[in-house]
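Visitor: no FASTA, just this:
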């Protein structure tokens, strides 16, 4: 082979080594971390599809050019974008590349013994004392004393030399912190990646099964999610809401029975801040509302019989509890198609009181509930249960229906039912007896509540918590423990010995001076106490810190 | 006393604290400029009055609302101001004997309180149920404490940068023999052999007596400021970490996910990352001093965004401010 070709492997090796070295350096890790932060800044300033799709859509209308640019750069879903994943991955590699050698060095250091030093007076902290004991005994006593003070000690009795060090926990803590941070990132990615979260609306007395198409709208699934929903069945028995008289909500709770596919059942009470974990899913109280049971008949034929889930549109600043609830019954099989729009007032007494006084009253409890309804005929444009597009429809009638009433929906008059709470002037007109049989009747036998639950599956939550705890536990020694090294050397001096003590601290140097002074005293006492011809302790701190 | 009376007392105490801090700020800056010992005594006395009033305001508001008084931005801001001034008086003035940075601390306290009352004031009311969890207490307490500590640390960093610049100018003056205009008003003649670099020996051109007077008054040496700032940030960082984790636990309990990149969460993470960068920078050769200080200042800006901008301009789940 010729020269240039032969040099390729080595230059490749060189560049690989260079990349590895670059990744290993702390500066790379910091830059990557700051890039992660910069990405997060973008994510917080530009609306994000997973958090607020409506705002993204509005932004696309308002700023079409920028929107195109952001779209291309993945700025509408920063935390799901390829470049965010790339930064995270590089940070992983950098962290691992940084941590493996450091961990190995730490293990090596933990096994190695403290090394003896020669020139003790060259250390920043140094003191010399004359003591009563002979060198060998003095060194042994000093070693025992240092051990008692939790130093790792290496004694060479023959030469009267002691080497001691303390504070390895700093590096252990630092490594624990960094490994835990890595574990946290991995656990978060795995957990979110294999999990899902969605919302389920269940009416009192009805059931729900955990499957893709039973969720309200879209379920957010992780990118590694295989599609295996838990299949848990939820039967809602009762929904309870408590309000103060002022209308401030106190508590919401859903009482339900849960059944796993394997047949295990459990009775559960899901409340705000008190989720329930069952069969691998977490169930949270998310929302609530009213769901009247509505029956629509034409002659003997039942067209609709079931709950109608109602929603609210609250004007800004308005009290939602004082607002009526709206919803639709859409009869798509009829020709022409029919839609019945309903507006529910759960508490007639409170509603008419607020009409009379002009002060909105919260309608928290069902009290003589009634609905206003409008019947529309024509062609339905969608199946939405929250909106009605009336472009190809016309209104045929309207009226009132109280709970327990039956009305003629075609003519907008009451067939049966009365309520003392509703003024007769408000249109609860009784149908004339000679009008012939009703073509379309509507009943309102019951008013129930529904609960909206947030259902999520995230398998790594315990791991994330463990990593988070380890992060805090590692951080404290990493920031507060200082590494200190101390040497003692005893030399024969008359009947006793001359004791030299030297040392330094790698961190928190200001505190070390004090500690060193007391250490010198303790060593001197241990070695038989100071004798005459004592030299003053001499300390040369290179202090960079001051104590507050 | 009735709820309304407690609420009014809280409000009055708040106003007293605000004006006391303004007065203490003026006295502290006057002390820095004119170096009269009496000014410092006055500043400290007024500062303590402000602190007591601040504390009274917090406690009475708690009584008026019937809960721990950190449920909204107004209350957080009042609490942070209290902790910042307390931290200053206790650690910096009483223990570290650094007395010349008070004006900056009071300025921050005034700013914080003014923001609280002008943007975030709400009456003492009960909380919505989602905010009602004991994790709230832990999370909010940790975040307030951490913000106060990091706030003091960053304030000291700003003073450090001013002092370091002034030291550089002083050094330049000694090298070239020319006198640049003084920085920070009357602090122009502060020179001392202790602050000066090792290769400097006091010369004959030095004003007589400056070494003794300036060591007592004037800003402390930059190394002292830097070390103090580091101590506060080093203390604040783990508390911030703990607070964010508690917030995640609370979010897991309340919203069903421990992390959702909600703007407040995102910014608390950004702030965390920047301060982590600061701690690393201090341990990296070539990043100590000014560069690390700038990282800390970026962190402080991020902290302010986390605290204020997110609530004022970015919508999210933490929208309890308004």
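Guide: Yep, it's here. The structure displayed is predicted, hence computed values, not measured ones.
Visitor: separation between the nearest residue to residue A:196 once chain neighbours are set aside and chain B?
Guide: Excluding the flanking residues, the one nearest residue A:196 by C-beta to C-beta, 6 or more residues apart in numbering or on different chains is residue A:221, at 4.3 Å. Every residue, glycine included, has its C-beta placed from N, CA and C. Residue A:221 sits 14 Å away from chain B, going by C-beta to the nearest C-beta, to the nearest Å.
Visitor: now do residue A:457
Guide: Counting by C-beta to the nearest C-beta, the separation of residue A:457 from chain B is 11 Å.
Visitor: and what of residue A:529?
Guide: According to C-beta to the nearest C-beta, residue A:529 stands 35 Å off from chain B.
Visitor: For that residue, give me the pLDDT.
Guide: Among the per-residue scores, residue A:529 shows a pLDDT of 78.
Visitor: Next up, the contacts around it.
Guide: A:131-132 (C-beta atoms under 8 Å, 6 or more residues apart in numbering or on different chains).
Visitor: and if you look at residue A:410?
Guide: By C-beta under 8 Å, 6+ apart, residue A:410 lies in contact with A:375, A:396-397, A:438-440.
Visitor: looking at those, which has the most residues close by?
Guide: Counting neighbours by other C-beta atoms under 10 Å in any protein chain shown, residue A:375 comes out on top of the contacts of residue A:410 with 24 neighbours.
Visitor: Looks to me like that residue is in a strand.
Guide: Yes: counting by DSSP: H, G, I helix; E, B strand; the rest coil, residue A:375 is part of a strand.
Visitor: now stretch A:289-307: how far from the chain's centre is it?
Guide: Centroid separation between stretch A:289-307 and its chain, computed with C-alpha atoms, centre = their mean, to the nearest Å, is 41 Å.
Visitor: Next, the buried residues of it.
Guide: For stretch A:289-307, a neighbour-count test (16 or more other C-beta atoms under 10 Å in any protein chain shown) marks A:289-298, A:303-304, A:307 as buried.
Visitor: Could you do stretch A:182-194 as well?
Guide: A:182-192, A:194.
Visitor: From these, which land in helices?
Guide: Taking DSSP state H as the definition of helices, those contribute A:182-192, A:194.
Visitor: Which two among these are spaced furthest apart?
Guide: Using C-beta to C-beta, the two most remote members of these are A:182 and A:194, lying 18.6 Å apart.
Visitor: Need the contacts of residue A:410 in JSON lines (columns: distance to residue A:277 and secondary structure).
Guide: Output for the contacts of residue A:410, formatted as JSON lines (distance: C-beta to C-beta, whole Å; DSSP: H, G, I helix; E, B strand; the rest coil):
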{"residue": "A:375", "distance to residue A:277": "46", "secondary structure": "strand"}
{"residue": "A:396", "distance to residue A:277": "50", "secondary structure": "strand"}
{"residue": "A:397", "distance to residue A:277": "49", "secondary structure": "strand"}
{"residue": "A:438", "distance to residue A:277": "50", "secondary structure": "coil"}
{"residue": "A:439", "distance to residue A:277": "51", "secondary structure": "coil"}
{"residue": "A:440", "distance to residue A:277": "47", "secondary structure": "coil"}
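Visitor: So which bits of the strand or helix carrying residue A:486 are buried?
Guide: Under the criterion of DSSP states H and E, residue A:486 resides in strand A:484-493. Neighbour-count burial for strand A:484-493 flags A:484-490 (criterion: 16+ other C-beta under 10 Å).
Visitor: ok, what's across the strand from the nearest residue to residue A:219 once chain neighbours are set aside?
Guide: Sequence neighbours aside, residue A:198 is the residue nearest to residue A:219 in space, at 3.5 Å (criterion: C-beta to C-beta, 6+ apart). Under DSSP bridges, the beta-bridge partners of residue A:198 are residue A:455.
Visitor: Can you give me the neighbour number for residue A:198?
Guide: Residue A:198 is flanked by 20 other residues according to other C-beta under 10 Å.
Visitor: who touches it in this structure?
Guide: Residue A:198 neighbours (C-beta under 8 Å, 6+ apart): A:215-220, A:454-456.
Visitor: let's see 10 Å
Guide: Shown in contact with residue A:198 (C-beta atoms under 10 Å, 6 or more residues apart in numbering or on different chains): A:210, A:212, A:214-221, A:229, A:453-457.
Visitor: Read off the pLDDT value for it.
Guide: Listed pLDDT for residue A:198 reads 90.
Visitor: any idea how far it is from residue A:225?
Guide: For residue A:198, the distance to residue A:225 equals 12 Å [C-beta to C-beta, to the nearest Å].
Visitor: Spit out the residues that contact the two alike.
Guide: Taking C-beta under 10 Å, 6+ apart as the criterion, residue A:198 and residue A:225 both touch A:219, A:457.
Visitor: From residue A:243, how far out is the residue lying closest to residue A:363 once chain neighbours are set aside?
Guide: Leaving aside its chain neighbours, residue A:363 sits nearest to residue A:347 (3.8 Å; criterion: C-beta to C-beta, 6+ apart). Distance, residue A:347 to residue A:243, by C-beta to C-beta: 12 Å.
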